[in-house]
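**Q** What follows is a predicted structure for the sequence shown.
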Amino acid sequence: MKPFLGIDLTTDKKNEKFDGLEFLVMEPSEALTKSFEDSQGNAEETVKKANVPVLIRVFQYVSLFIGIVLGKSIAKNTLPFSEAYQNAPWLYWGFGLSFLLCIGLWYLGKKRAENVLSTDESSQTFSRLEGVAASIYAELGVPAYAKNVDVLSFFYKNDNGEIKLKEKPMQMFKYINFEYKIFSDSENFYLVNCDGKFSFPLRDIVSVKKIKKHITFSSWNKEEKYNKGIYKEYKITEDKYGTMHGKGYVLIEVKHNGESFGIYLPDYELPVIEEITRIKAQEE
């Protein structure tokens, strides 16, 4: 089964082409594409300005590390506080100062981001990006009732017909979750983002499966927190590196021109997928 949005590294380690482009039925106009790329570039520059400089982040991590080391040393001490402090006052002062420095640098970073993102220029930058995206969705025929879903993309190798995931160097997650608009009509269901519109005939769906398996993915795209509301039951977590951890995924198998494709989505998208495909997922 060829993974939709998979990137095959079997014969070419530098491959960047997504599988499943044969389902692409429409792309935005050249003018809108250019406008979106420009607006996206401006938005990325704004976000970079809001980010904490690398040197400050290094100082923050170093101070946190020193604080943890000193804190462990204090915790191991069995002497009364007054005696322990008298023997090594630097240990306690170092512990306190390290955490105060870490908190102070975190606060400065937070205020820096707030100051940059709250300016009129930043607001206009993001508004332009949203406006261009809305124009693209209108051009691609996305209805107002379309919902947002995350679709999983990953690098892989084909080992005698078996798909084996492969991470790039320094990649902290196995899946990248791209956000798409999803909707359906009487014949097809569609996945649309600002790069184009993919169409999948409903009659070509072979199965919808819910697979219980630990997955790691790149980011959280929803407005509601991953551990709140409708997402709480999926027990999603985030580690200290910002990588998201989930308990499983949904696999839609589609047969197209004699070839089998798999569309992978995180398990928290299951209710939307069952509604769109009109198929009750089988558990594996």
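**A** It's in.

**Q** Please make it C-alpha for all contacts and neighbour counts, starting now.
**A** Noted.

**Q** show me the contacts for the residue nearest in space to the middle of the chain.
**A** Taking CA atoms, centre = their mean as the criterion, residue 219 is the residue nearest the geometric centre of the chain, at 2.3 Å. With contacts defined as CA atoms under 8 Å, 6 or more residues apart in numbering, the neighbours of residue 219 are 176, 177, 242, 243, 244.

**Q** The residue lying closest to the third one once chain neighbours are set aside in helix, strand or coil?
**A** Distance criterion CA to CA, 6 or more residues apart in numbering; nearest residue to residue 242, sequence neighbours excluded, is residue 219 at 7.4 Å. Local secondary structure at residue 219 is given as coil here, using DSSP: H, G, I helix; E, B strand; the rest coil.

**Q** ok, residue 219 to residue 254 distance?
**A** Taking CA to CA, to the nearest Å as the criterion, residue 219 is separated from residue 254 by 26 Å.

**Q** repeat for residue 231
**A** Using CA to CA, one gets 27 Å for the distance from residue 231 to residue 254.

**Q** More neighbours: these two, which one.
**A** Neighbours per residue, other CA atoms under 10 Å: of residue 231 and residue 254, the larger number sits with residue 254, 24 against 16.

**Q** ok, that one - contacts?
**A** Contact partners of residue 254, counting by CA under 8 Å, 6+ apart, are 200, 204, 205, 206, 207, 260, 261, 262, 263.

**Q** quick one: low-confidence parts of this structure?
**A** 52 (pLDDT under 70).

**Q** Which parts of it are strands?
**A** Applying DSSP state E to the chain gives strands spanning 2-3, 6-8, 24-26, 147-159, 162-165, 176-184, 188-193, 196-201, 205-217, 237-238, 244-256, 259-266, 282-283.

**Q** Point out the most buried one among these.
**A** Per residue and on average, the most neighbours among those fall to strand 6-8, with a mean of 24 (mean count of other CA atoms under 10 Å).

**Q** That one: partners in the sheet, and parallel or antiparallel?
**A** According to DSSP bridges, strand 6-8 has the following sheet partners: strand 147-159 (parallel).

**Q** Run the chain-centre distance for the strand it pairs with.
**A** 11 Å (CA atoms, centre = their mean, to the nearest Å).

**Q** how far off strand 244-256 does that strand point, in degrees?
**A** If you take axes from the mean of the first three to the mean of the last three CA atoms, to 10 degrees, strand 147-159 sits at 80 degrees to strand 244-256.

**Q** Which residues does strand 147-159 contact?
**A** Outside strand 147-159, the residues within contact range by CA under 8 Å, 6+ apart are 4-10, 163-168, 174-183, 221, 263-266, 269, 272.

**Q** possible to save the contacts of residue 219 as CSV with distance to residue 15?
**A** CSV is the format used below for the contacts of residue 219 (distance: CA to CA, whole Å):
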residue, distance to residue 15
176, 16
177, 19
242, 26
243, 24
244, 25
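
**Q** closest to residue 195 among those residues?
**A** Of all the contacts of residue 219, residue 195 sits closest to residue 177, with 15.1 Å by CA to CA.

**Q** Wait, the closest one touches residue 216, no?
**A** No. At 9.8 Å, residue 177 and residue 216 do not qualify as touching, with contact defined as CA atoms under 8 Å.

**Q** related to what we said a few turns ago, so how far is residue 250 from the residue nearest to the centre of the chain?
**A** Residue 219 is 17 Å from residue 250, where distance means CA to CA.

**Q** circling back: for the contacts of residue 254, which one is nearest residue 281?
**A** Proximity of the contacts of residue 254 to residue 281, judged by CA to CA, is greatest for residue 207, which lies at 7.6 Å.

**Q** got a list of what the closest one touches?
**A** Remark: with contacts taken as CA under 8 Å, 6+ apart, residue 207 is in contact with 252, 253, 254, 279, 281, 282.

**Q** partner residues bridging the residue nearest to the second one when sequence neighbours are not counted?
**A** This means residue 253. Distances taken as CA to CA, 6+ apart place residue 262 nearest to residue 253, at 4.6 Å, with adjacent residues excluded. With DSSP bridges applied, the residues forming beta bridges to residue 262 are residue 3, residue 253.

**Q** Residue 262 reaches residue 6, doesn't it?
**A** No. Using CA under 8 Å as the test, residue 262 is too far from residue 6 to be in contact (9.3 Å).

**Q** residue ranges for the helices of the stretch 1-150 of the chain, please.
**A** 30-50, 54-76, 81-87, 89-117, 120-139 (DSSP state H, counting those that start in this stretch).
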